[in-house]
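1. Structure here, sequence nowhere to be found:
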């Protein structure tokens, strides 16, 4: 900044007091958002099937799945996922996608509530997730009228039938359509759907109604065999959860990532009035009153 005064060259005259330049003001530091698990923290993401890679990587970026520390730096994309882990993912993803929509969130169960399943005690690390989904009616249990579903088997592999039965109700949020073998044959054309549980038939038909966002189309591609008992891999499970919704009315991991990365609008500074300078001009000269004429 240039000083507001100059020194006279002939050494005569007076100089004004130097103006002290204002000290630079640094903006207040902003609190950085917490960083999700970096993709580079996993050492085996190159093993994700090409058709699923972008969806799985976006799910990892969100930080709602297992972290690198949980599995010694490996995601194990092609290993089967167990039922307990998928229940944990399902609850976490749903509530993250709809964190601004309480009507779509699943309420968490009370930590010491009586266990619904005999093999999932309160000490189980996934108890809250499994209990919450069961209390919401997402998982088959005695609460939903399935008196035979007394055990959950959290360490058993998640099957394709499980995936459809648990995930489709969260996509539709309403009663699933009535299904028959004839309707399934007309929709999917599967060769192995005879004798399926009626609930699974309804889930399959409802998933077909979801168009390009259906679980089967996005995760398994074109197939004429459903293979209901086939284990689901961790990559397939993550890709299935990449989108929750029905016919475009929902949320995807890509949308959630964009919303959290968008910069917040800056708050304009409050308007301040400039300081009032004292007047340096001389006061006006008062004219003498005129002398009255005799």
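-> Okay, I see it. It should be emphasised that the depicted structure is a prediction, and the values quoted were computed from it without experimental measurement.

2. Can you show me the strands along the stretch 151-294 of the chain?
-> 243-246, 249-252 (DSSP state E, counting those that start in this stretch).

3. Figure out which of the ones you listed is closest to residue 96.
-> Closest approach to residue 96 among the strands of the stretch 151-294 of the chain is made by strand 249-252 (9.0 Å; Cβ to Cβ). (Each C-beta comes from the backbone N, C-alpha and C, glycine too.)

4. Which neighbouring elements make contact with the least confident helix or strand in the chain by mean pLDDT?
-> Among the helical and strand segments of the chain, the one scoring lowest on mean pLDDT, DSSP states H and E is helix 181-187, with a mean of 86. The helices and strands touching helix 181-187, judged by 3 or more Cβ pairs under 8 Å, 6 or more residues apart in numbering; DSSP states H and E, are helix 198-208.

5. Now the element after the helix it packs on, going C-ward?
-> helix 215 (DSSP states H and E).

6. what about that next one, distance to the chain center?
-> 19 Å (Cα atoms, centre = their mean, to the nearest Å).

7. same deal with stretch 134-144?
-> Worked out by Cα atoms, centre = their mean, stretch 134-144 lies 24 Å from the chain centre.

8. how long is that stretch end to end?
-> The straight-line separation of the ends of stretch 134-144 (Cα to Cα, to the nearest Å) is 8 Å.

9. show me where pLDDT drops low in the stretch 51-200 of the chain?
-> Counting by pLDDT under 70, the stretch 51-200 of the chain contains low-confidence ranges at 67-70.

10. Please repeat the previous calculation with a cut-off of 80.
-> Along the stretch 51-200 of the chain, the parts satisfying pLDDT under 80 run over 66-72.

11. quick revisit: Serialize the strands of the stretch 151-294 of the chain to CSV and add fields for distance to residue 66 and mean pLDDT.
-> Shown next, in CSV, are the strands of the stretch 151-294 of the chain (distance: least, Cβ to Cβ, whole Å; pLDDT from 0 to 100):
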stretch, distance to residue 66, mean pLDDT
strand 243-246, 19, 96
strand 249-252, 20, 92
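
12. how far does stretch 220-230 stretch from start to finish?
-> Start-to-end, stretch 220-230 (Cα to Cα) is 12 Å.

13. Number of residues surrounding residue 124?
-> 17 (other Cβ atoms under 10 Å).

14. Does it lie in a helix or a strand, and which?
-> Counting by DSSP H and E, residue 124 is part of no helix or strand.

15. heads up, I number from 481, so please use that
-> All set: I'll call the first residue 481, so the last point we hit is now residue 604.

16. Which residue ranges of the stretch 481-630 of the chain form helices?
-> 533-542, 563-577, 607-615 (DSSP state H, counting those that start in this stretch).
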